[in-house]
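Chemist: Compute the structure for the input listed below.
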Amino acid sequence: MSDGKTKVLVAEDDFVVAKNLSITLEERGYHILGINESGEELLQSLSQNQPDIIIMDINLAGLMDGVEVTALIKNKTNIPVLYLTSDRDQTTLERAKLTNPDGYLIKPFDADELVSAIEIALHRHHLSSGNQKEGTVVSDSHLFVKVRNRLEKVMFEDVRYLEANDIYSILVTHQNNFILSYSLKTLEEKLPSRQFMRVHRSYIVNVEHINAIEDNYILISDKNIPIGKTYREDLMRRLSII
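Modeler: Purely as a prediction, here's the structure:
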């Protein structure tokens, strides 16, 4: 079980690099589906797993190198592929470019640089798939929010509520507030209904964070959120009050 974590499949034939990569990514909250020494092994793994992203070395054991494997993957799937290789010569780079990779990093890798490359690759993948507009990317368990020049992952379980504010919305977690360039109506359609519920024309709440209901207000932490008349009946039914 990946518990909502980003699933990563790796092609790397150097045991030390593969082990370091696996430890680094797991410490950063990713789920490693497997380490494959050859392109053939990775293609076999793809028949059994559905990764969110593939990290691909170019020099691999087996009959195919990473560029050839990536070309096959890109021809059959839309899974993003990030090259992580020691190859920096122009010929290899030109071959790699023909496969339209989602990133190209040179070993030895920096952990922060690698994580940033993965998140940007996932972000671009969501955009190119037509799922979201630039600035916010929504997945099944989390969303990425654009903060200045980077993307920050926000787990749904950490979101307390969302508040409409003129032409944008404010997403509130325990630690931060984020500005989203979406209307509350658009967000309501994209957020998982099992966790989130519209309770007022200006508020969506995470029902798991409701501490109490008093009169016509929901208490979440120290915030009193009004309950709209048209939403009250659905809210009471949803909470299964005994």
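Chemist: List the contacts of G29.
Modeler: Shown here is G29, whose contacts under the criterion Cβ atoms under 8 Å, 6 or more residues apart in numbering are K5, T6. Every residue, glycine included, has its C-beta placed from N, CA and C.
Chemist: let me redo that: V159
Modeler: Residues in contact with V159 (Cβ under 8 Å, 6+ apart) are L171, V172, T173, F196, N206, H209.
Chemist: Repeat that for L151.
Modeler: E119, I120, H123, V137, F144, V145.
Chemist: if we can go back for a sec, make a markdown table out of the contacts of V159 and add neighbour count and distance to D112.
Modeler: Compiled in a markdown table, these are given as follows (neighbours: other Cβ atoms under 10 Å; distance: Cβ to Cβ, whole Å):
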| residue | neighbour count | distance to D112 |
| --- | --- | --- |
| L171 | 23 | 24 |
| V172 | 21 | 27 |
| T173 | 16 | 22 |
| F196 | 20 | 31 |
| N206 | 21 | 30 |
| H209 | 20 | 31 |
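Chemist: would you turn those into TSV with pLDDT and secondary structure?
Modeler: Formatted as TSV, the entries for the contacts of V159 read as follows, by pLDDT from 0 to 100; DSSP: H, G, I helix; E, B strand; the rest coil:
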residue	pLDDT	secondary structure
L171	93	strand
V172	94	strand
T173	93	strand
F196	94	strand
N206	95	strand
H209	95	helix
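Chemist: which one of those residues sits closest to K229?
Modeler: Distance to K229, by Cβ to Cβ, is smallest for F196 among those, at 19.8 Å.
Chemist: Quick check: beta-bridge partners of the closest one?
Modeler: N206 (DSSP bridges).
Chemist: Am I right that it is in contact with L184?
Modeler: No. In this structure, F196 sits apart from L184 without contact. The criterion is Cβ atoms under 8 Å, and the distance is 10.7 Å.
Chemist: what residues do these two have in common as contacts?
Modeler: Taking Cβ under 8 Å, 6+ apart as the contact definition, F196 and L184 share the neighbouring residues L162, I204.
Chemist: Over to V115: give its phi and psi.
Modeler: phi -60, psi -40 (degrees, to the nearest 10).
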